[in-house]
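Enquirer: Structure of the sequence below:
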Amino acid sequence: MIGKIVTSIVLAFLVAQTSKFIINHKKSGRWNLSSYLQNGGMPSSHTATAIALTTSMLIETGLSYYFVICALFSLIVMNDAMIVRRETGEEAEVLNIVMEKDNILHHKLIERVGHTPLQVAVGFVVGVVCALIVYAF
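Expert: Alright, predicted model coming up:
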């Protein structure tokens, strides 16, 4: 039981982060190893891992309390990714513009910390598919 759950979670994380790494390469034209560990972008690895756990619990325990707890946890993760962290990134973007305009010396704030609904949806699909693949074998 625990082995397949952990495998589903790790696989979902690796698929999401590797996809993000490849997408960043396609956009920038260069390989940036640090982008492999960055937050934000397509797809949401937070969502992928949370949904892999939730799907695994559904397969293992059916419509149990464990599944419900995981589903609620996943909803919180997706809400945080789409709303809270995305707004944080938008605020960082505005602050960077203001500080640059006013010639305030600072380190540039990270702007890409959240996700669009599409990025979260793709992370959702990645999580479900990864769990289904693990449990198919």
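Enquirer: okay, the nearest residue to Leu33 once chain neighbours are set aside: pLDDT?
Expert: If the residues on either side of it in the chain are set aside, Leu33 comes closest to Phe21, at 8.0 Å by C-beta to C-beta, 6 or more residues apart in numbering. Every C-beta, even on glycine, is put in place using the N, C-alpha and C of the backbone. Per-residue pLDDT puts Phe21 at 87.
Enquirer: how about the lengthiest helix in the chain: buried residues?
Expert: Secondary structure of the chain per DSSP state H: the longest helix is helix 2-28. Buried positions in helix 2-28, judged by neighbour count with 16 or more other C-beta atoms under 10 Å: 5, 7-9, 11-13, 15-17, 19-21, 24.
Enquirer: quick one: which of these is nearest Glu100?
Expert: Asn24 (23.8 Å; C-beta to C-beta).
Enquirer: continuing past the least confident helix or strand in the chain by mean pLDDT, what's the next helix or strand?
Expert: Using mean pLDDT, DSSP states H and E, the weakest-scoring helix or strand in the chain turns out to be helix 85-101, at a mean of 71. Downstream of helix 85-101, the next assigned helix or strand under DSSP states H and E is helix 117-136.
Enquirer: Look up the closest residue to Ala131, ignoring the ones flanking it.
Expert: That would be Thr55: by C-beta to C-beta, 6+ apart, it lies 3.7 Å from Ala131.
Enquirer: Also compute the angle for the longest helix of the chain relative to helix 117-136, please.
Expert: In terms of direction (axes from the mean of the first three to the mean of the last three C-alpha atoms, to 10 degrees), helix 2-28 departs from helix 117-136 by 140 degrees.
Enquirer: list the helices and strands the least confident helix or strand of the chain packs on?
Expert: Packing partners of helix 85-101 (3 or more C-beta pairs under 8 Å, 6 or more residues apart in numbering; DSSP states H and E): none among the helices and strands.
Enquirer: how far off helix 117-136 does that helix point, in degrees?
Expert: Note on geometry: by the same axes, to 10 degrees, helix 85-101 and helix 117-136 are set 140 degrees apart in direction.
Enquirer: how much space between Ser74 and Ala81?
Expert: For Ser74, the distance to Ala81 equals 10 Å [C-beta to C-beta, to the nearest Å].
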